[in-house]
Every structure is written in structure tokens, then in C-alpha cells.
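>>> From the sequence below, what's the structure:
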Amino acid sequence: MESGPAAFAGTAFALFGVALLLWTAARLRLRQPVLDGAHPTVAAALSTLLGIAALVGGIWCLGAV
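All right, here's what the predicted structure looks like:
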């Protein structure tokens, strides 16, 4: 009964994490700002950390299924 919500949350977190990491990599490759008005290094690091955290959280949720 509880595996359905865990699978949904895990998939959503994992997809968001992968998409955020890909988007950050694309912005850095094109030398465009990741976040307007912020220091480029801080914005890229924060975005990367949040993407990794979402991906790890998604994998953890999917592991609980």
C-alpha cells in the first residue's frame, strides 16, 4: 500500500535531480548564468548540490519500494 507513493515520490525526485543537473551543465557549457544576480560560482555550486540531493533522495525513496 505504501509502495505506490514512495515510487511516485522517488521517480519525481530522481527526474527533477537529473533535469537540474543537466540544465546546470548546459548553462555552464554555454557560459550563461545559472541564476541571475548571483555570483556564478555560488549559483552553480548551489544548483549542483540541490540536484545531487534530489537525485539521492529519489534513489533512496525508490530503494524503499
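
>>> mind checking which helix or strand residue 33 is in?
For residue 33, there is no helix or strand it lies in under DSSP states H and E.

>>> now the helices for this structure?
With helices called from DSSP state H, the chain shows them at 3-29, 40-63.

>>> could those be laid out in TSV, adding mean neighbour count and mean pLDDT?
Every C-beta, even on glycine, is put in place using the N, C-alpha and C of the backbone. Output for these, formatted as TSV (neighbours: other C-beta atoms under 10 Å; pLDDT from 0 to 100):
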stretch	mean neighbour count	mean pLDDT
helix 3-29	15	95
helix 40-63	15	96
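
>>> so residue 15 makes contact with residue 59?
No: under the criterion of C-beta atoms under 8 Å, residue 15 makes no contact with residue 59, lying 11.6 Å away.

>>> just checking, residue 65 touches residue 5?
No: Residue 65 is beyond contact range of residue 5, at 9.7 Å (criterion: C-beta under 8 Å).

>>> Look up phi and psi at residue 33.
When quoted as degrees, to the nearest 10, the phi and psi of residue 33 stand at phi -70, psi 140.

>>> ok, now which ones touch it?
Taking C-beta atoms under 8 Å, 6 or more residues apart in numbering, we find residue 33 in contact with 27, 40, 43.

>>> Return the member of those nearest to residue 49.
Nearest to residue 49 among the contacts of residue 33, counting by C-beta to C-beta, is residue 43 at 11.0 Å.

>>> Surely that closest one touches residue 34?
Yes: between residue 43 and residue 34 there is a contact under C-beta under 8 Å: 4.2 Å.

>>> Go ahead and confirm residue 9 touches residue 61.
Yes: between residue 9 and residue 61 there is a contact under C-beta under 8 Å: 4.9 Å.

>>> closest to residue 20 among the contacts of residue 33?
residue 27 (10.7 Å).

>>> That closest one contacts residue 34, doesn't it?
Yes: with contact defined as C-beta under 8 Å, residue 27 reaches residue 34; the gap is 5.0 Å.
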